[in-house]
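J.: Next comes the sequence, and after it the predicted model I'd like to discuss.
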Amino acid sequence: MNKDFETRWCKFCIDNTKQEIVFIPEMATYKRRRKFVCTVCKKSSWMQGKRPSAESVY
């Protein structure tokens, strides 16, 4: 089982923490919400994905 982690802002810890991605929608665009679980306080929250960097602007 492969776990994915991202460093995101946790509104409960009030800090940037490592968070596990629990749910990713089938059609993953950055506007669709993903479910994250904080590895420090174990609270879950729904947040938008990080915006992809556009390679066309370089």
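T.: Right, received. Where do you want to start?
J.: Every contact and neighbour count from this point should use C-alpha atoms.
T.: OK.
J.: Show me the helices in this structure, by range?
T.: Counting by DSSP state H, the chain yields no residue ranges for helices.
J.: Output the below-cut-off pLDDT ranges for the chain.
T.: Along the chain, segments meeting pLDDT under 70 span 1-2, 54-58.
J.: close enough to count as contact, Lys31 and Gln48?
T.: Yes - at 5.7 Å, Lys31 counts as touching Gln48 under the criterion of CA atoms under 8 Å.
J.: Enumerate the beta-bridge partners assigned to Glu20.
T.: Counting by DSSP bridges, Glu20 forms beta bridges with Phe5, Val37.
J.: In contact with it: list those residues for me.
T.: Lys3, Asp4, Phe5, Glu6, Phe36, Val37, Cys38, Thr39 (CA atoms under 8 Å, 6 or more residues apart in numbering).
J.: Would you check that Pro37 makes contact with Cys13?
T.: Slight slip there: residue 37 is Val, not Pro. No - using CA under 8 Å, Val37 is not in contact with Cys13, being 11.9 Å away.
J.: the more surrounded of the two?
T.: Between Val37 and Cys13, counted using other CA atoms under 10 Å, Val37 has the larger neighbour count: 19 against 12.
J.: quick one: that one and Val22, what's the gap?
T.: When CA to CA, to the nearest Å is the yardstick, Val37 and Val22 sit 7 Å from each other.
J.: same thing with Gly49?
T.: 13 Å.
J.: intersection of neighbour lists for those two?
T.: Contact criterion CA under 8 Å, 6+ apart; residues shared by Gly49 and Val22: Arg34.
J.: Run through the residues that contact the closest residue to Cys38 other than its chain neighbours.
T.: Distance criterion CA to CA, 6 or more residues apart in numbering; nearest residue to Cys38, sequence neighbours excluded, is Gln19 at 4.5 Å. Gln19 makes contact with Phe5, Glu6, Thr7, Arg8, Phe36, Val37, Cys38, Thr39 under the criterion CA under 8 Å, 6+ apart.
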